[in-house]
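A.B. asks: need a 3D model of the following:
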Amino acid sequence: MESVAKPANSGCANARSLGSDFSVVRESPFFRLQTALGLTRGQRAGVGRRAVIYALLAWLPIAIYAVTHGALLYETASGEPLLWHYGIQVRALVAIPILILAEGTVEKSIRSVVGQFSESGIVDGTQAEPYRCALEEARQISNSLAAQVVLIVVTGTGVFFGYGTSMLVGESIPWLLLAQNGGQSLTFAGWWYVLVLLPLFSFLALQWLWRWVVWAIFLRRVSKLKLKLVPTHSDRCGGLLFLQTAPAAFAGLIFALAAVLASEWGHEVQFHGVDIYSFKSLLIGFALIIMVIFVGPLLAFSGCLLRTKRQALREYSVLVARQGRLFQRRWIEDKRSDDELGGTRDVGTLAGLRNSFEVISHMRLVPVDRTLLITLAWSVILPMLPVIALKLPIEDVLRKLAKTLL
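C.D. replies: Predicted coordinates for the structure are as follows:
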């Protein structure tokens, strides 16, 4: 495995301790802005308070408008009520809070993974400095103001198209539109949906995707270091299986995105008679995209795992053969007594080498096991269960899912 060339920034030589304060959340300008606004307090991220504030900011003005116009619970001459439109409720009251609350879980998981590289000896003293440089580079990328500008531009573009979408959706939510000068314009609730709720949800989701990109870049850099993998490690990944805890921690983001999709599809199925099976290909496509995004970066370690496996198979094959010949000579050819065989360690040594060789033979080339795949799959499927339950018996659905995934 080749080491990484040292970045031009000489500051990495004075980088902070080996990942003890690394964060993909707190390094961003967006988090610092929230701190400046008093939404976070020192080392306390205030995720609970921010989750409530953002949820109410996104949803309450729309709900108040719907109440004052008699369009919260019951269908009126003006059209469908607010609570019929699951997408609005789920974005504001489910997805946005989850995207905030997930910060604590992800931050702990990422720090644990960063620390385990050195604690486990996979990154030893000779690679400590390049490892610090990789951490510092990740901090700088996370702290990029240009990246935040891009996220704002993408969000703004979404607002522009969201306005057109809302005008179309307004055909089924007439209370979002006002008749004006022979045409139509958005009501206060409509404008709030387009200019506050949609951008807030989109920006928070993009923030999480950007954090994952930063993490993926960091993993790529680390995979190029001279890692001290253990081919006989019981995780069958050379000791790297702990890496899968990071994508598993992003399950909240996946759940939030899946919940928004499910809410939109649920409305179509419940109130517009759309066939639930028409969303099958979209669901499969979404699940595959999730797998590629969150498992893909771990492929960066496939090269070093393959090299480690090949080298270990060679070395242990020679060692097992040597030990086997020694055992053959001592106990078969020399015909020693059974009493002597019972008191020797040769049998245990030979069995231990055989077990080690089998572990190496079954080494995975990607540090992923069934646990992560099931976690990601359930994060996609769980929000879909209420939609499925609209047309199919939920007990049968759960039984089939459990049989398939477990």
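A.B. asks: domain parsing of the protein, as residue ranges.
C.D. replies: 9-222, 229-406 (automatic domain parsing).
A.B. asks: and these as TSV, adding mean pLDDT?
C.D. replies: Below are those laid out as TSV (pLDDT from 0 to 100):
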stretch	mean pLDDT
domain 9-222	82
domain 229-406	83
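A.B. asks: would CSV of those domains with mean neighbour count be doable?
C.D. replies: The C-beta positions use only the backbone N, C-alpha and C, and glycine is treated the same way. Shown next, in CSV, are the domains of the chain (neighbours: other Cβ atoms under 10 Å):
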stretch, mean neighbour count
domain 9-222, 17
domain 229-406, 16
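A.B. asks: who's in contact with residue 139?
C.D. replies: 22, 27 (Cβ atoms under 8 Å, 6 or more residues apart in numbering).
A.B. asks: tell me which residue is most central in the protein.
C.D. replies: Centroid-nearest residue in the chain, with Cα atoms, centre = their mean: residue 250, separated by 2.9 Å.
A.B. asks: contacting residues for that residue?
C.D. replies: Residue 250 makes contact with 102, 106, 208, 212, 294, according to Cβ under 8 Å, 6+ apart.
A.B. asks: let me know the closest of these to residue 375.
C.D. replies: Nearest to residue 375 among those: residue 294, at 9.7 Å, using Cβ to Cβ.
A.B. asks: so who does the closest one touch?
C.D. replies: Taking Cβ under 8 Å, 6+ apart, one finds 212, 247, 250, 254, 376 in contact with residue 294.
A.B. asks: which of those residues fall within helices?
C.D. replies: 212, 247, 254, 376 (DSSP state H).
A.B. asks: could I get those residues as JSON lines with distance to residue 195?
C.D. replies: As requested, the ones in helices among the contacts of residue 294 are exported to JSON lines (distance: Cβ to Cβ, whole Å):
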{"residue": "212", "distance to residue 195": "27"}
{"residue": "247", "distance to residue 195": "33"}
{"residue": "254", "distance to residue 195": "27"}
{"residue": "376", "distance to residue 195": "33"}
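A.B. asks: what's the closest of the contacts of residue 250 to residue 138?
C.D. replies: Using Cβ to Cβ, the contacts of residue 250 come closest to residue 138 at residue 212, 11.9 Å.
A.B. asks: look up how far residue 239 lies from that closest one.
C.D. replies: Here the criterion is Cβ to Cβ, to the nearest Å. By it, residue 212 lies 23 Å from residue 239.
A.B. asks: just the helices in the stretch 201-350 of the chain please.
C.D. replies: Under the criterion DSSP state H, counting those that start in this stretch, helices of the stretch 201-350 of the chain are mapped to 245-249, 251-272, 280-295, 302-327, 338-342, 346-361.
A.B. asks: picking that back up, and which of the contacts of residue 294 is nearest residue 140?
C.D. replies: residue 212 (16.9 Å).
A.B. asks: quick one: the residue lying closest to the closest one once chain neighbours are set aside and residue 203, what's the gap?
C.D. replies: Closest residue to residue 212 apart from its sequence neighbours, by Cβ to Cβ, 6 or more residues apart in numbering: residue 250 at 6.3 Å. With the distance defined as Cβ to Cβ, residue 250 ends up 17 Å from residue 203.
A.B. asks: ok, residue 236 next?
C.D. replies: 40 Å.
A.B. asks: sorry, back to before: the contacts of residue 250 into a markdown table, with extra columns for distance to residue 390?
C.D. replies: Shown next, in a markdown table, are the contacts of residue 250 (distance: Cβ to Cβ, whole Å):
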| residue | distance to residue 390 |
| --- | --- |
| 102 | 28 |
| 106 | 32 |
| 208 | 29 |
| 212 | 32 |
| 294 | 28 |
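A.B. asks: residue contacts, the residue nearest to residue 124 when sequence neighbours are not counted?
C.D. replies: The spatially closest residue to residue 124, leaving aside those adjacent along the chain, is residue 228, at 5.4 Å (Cβ to Cβ, 6+ apart). Counting by Cβ under 8 Å, 6+ apart, residue 228 touches 121, 122, 123, 124.
A.B. asks: go again with 6 Å.
C.D. replies: 121, 122, 124 (Cβ atoms under 6 Å, 6 or more residues apart in numbering).
A.B. asks: any idea of the pLDDT on it?
C.D. replies: Residue 228 is assigned 93 on the pLDDT scale.
A.B. asks: now it: phi and psi?
C.D. replies: Main-chain torsions, residue 228, degrees, to the nearest 10: phi -100, psi 80.
A.B. asks: just curious, which of the contacts of residue 294 is nearest to residue 351?
C.D. replies: The closest of the contacts of residue 294, once distances to residue 351 are taken by Cβ to Cβ, is residue 247, at 36.3 Å.
A.B. asks: gap between the closest one and residue 369?
C.D. replies: Residue 247 is 12 Å from residue 369, by Cβ to Cβ.
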